[in-house]
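>>> Predicted structure and sequence below. I'll ask about it afterward.
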Amino acid sequence: MKKFLTEFKDFITKGNVLDLAVGVIIGGAFRAIVNSLVADLIMPLISAVVGADVTDWVWQIKPAIPGDGNGDGVIADGELLKEAVVLRYGNFIQAIIDFLIIAFVLFVIIKAAMASAKARENLKKKKAEEAAVEAVAEEPAAPANAEEVAILKEIVELLKKQDKDK
């Protein structure tokens, strides 16, 4: 049991799980901001242009059936026997607008994050190339040709042999 709890603790404290938790919390707060943007700023503008609140747009398929008020005590006058059957397409339009705004903002955020990551990678590559150039500059120059080196060694040996013979 102790091993299980230790593994669970390790799992919970891993960076990815914590990042996910933070993302979910920030996502909830972000949703509240977007809902306010749509409900308090965008939809009133749309409602002003079209002359009615978009969420009130409905299509009535069957009308409501009112009570007859005949006094039998079951359904009083003004109460409904059956509710109207309506399609609330205005709510659907509202949901589409919410989705489009959220998708656009996420697109912008992800695009900025990807551009930042790409710039960071380019900077790392540039620093690595500069370090490689510096490392090459510090190394002594290698002989141009191994064959020339071999010939020079032979000449040195011949000169040493001549000095011994004298």
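The structure has been received and is ready for your questions. Numbers count the residues shown, from 1 in each chain.

>>> how many neighbours does Ile42 have?
The criterion is other C-beta atoms under 10 Å. On that basis, Ile42 has 16 neighbouring residues. Glycine gets a C-beta too; all of them are placed from N, C-alpha and C.

>>> now it: how far from Gln94?
10 Å (C-beta to C-beta, to the nearest Å).

>>> just Thr13 next, same as before
As judged by C-beta to C-beta, Thr13 and Gln94 stand 41 Å apart.

>>> which residues of the chain fall in helices?
Counting by DSSP state H, the chain has helices at residues 2-12, 15-36, 43-50, 89-138, 146-165.

>>> Quick check: the residue sitting nearest the centre point of the chain vs Ala119, distance?
With distances taken as C-alpha atoms, centre = their mean, the chain has Ile110 as the residue nearest its mean C-alpha position (4.5 Å). When C-beta to C-beta is applied, the distance between Ile110 and Ala119 equals 15 Å.

>>> ok, now Val133?
When C-beta to C-beta is the yardstick, Val133 and Ala119 sit 21 Å from each other.

>>> how far does the helix or strand of the chain with the lowest mean pLDDT sit from the chain's center?
When the helices and strands of the chain are compared on mean pLDDT, DSSP states H and E, strand 80-82 comes out lowest with a mean of 74. In terms of C-alpha atoms, centre = their mean, to the nearest Å, the centre of strand 80-82 is found 49 Å from the chain centre.

>>> ok, and for it, which residues are buried?
Of the residues in strand 80-82, none is buried under the neighbour-count criterion (16 or more other C-beta atoms under 10 Å).
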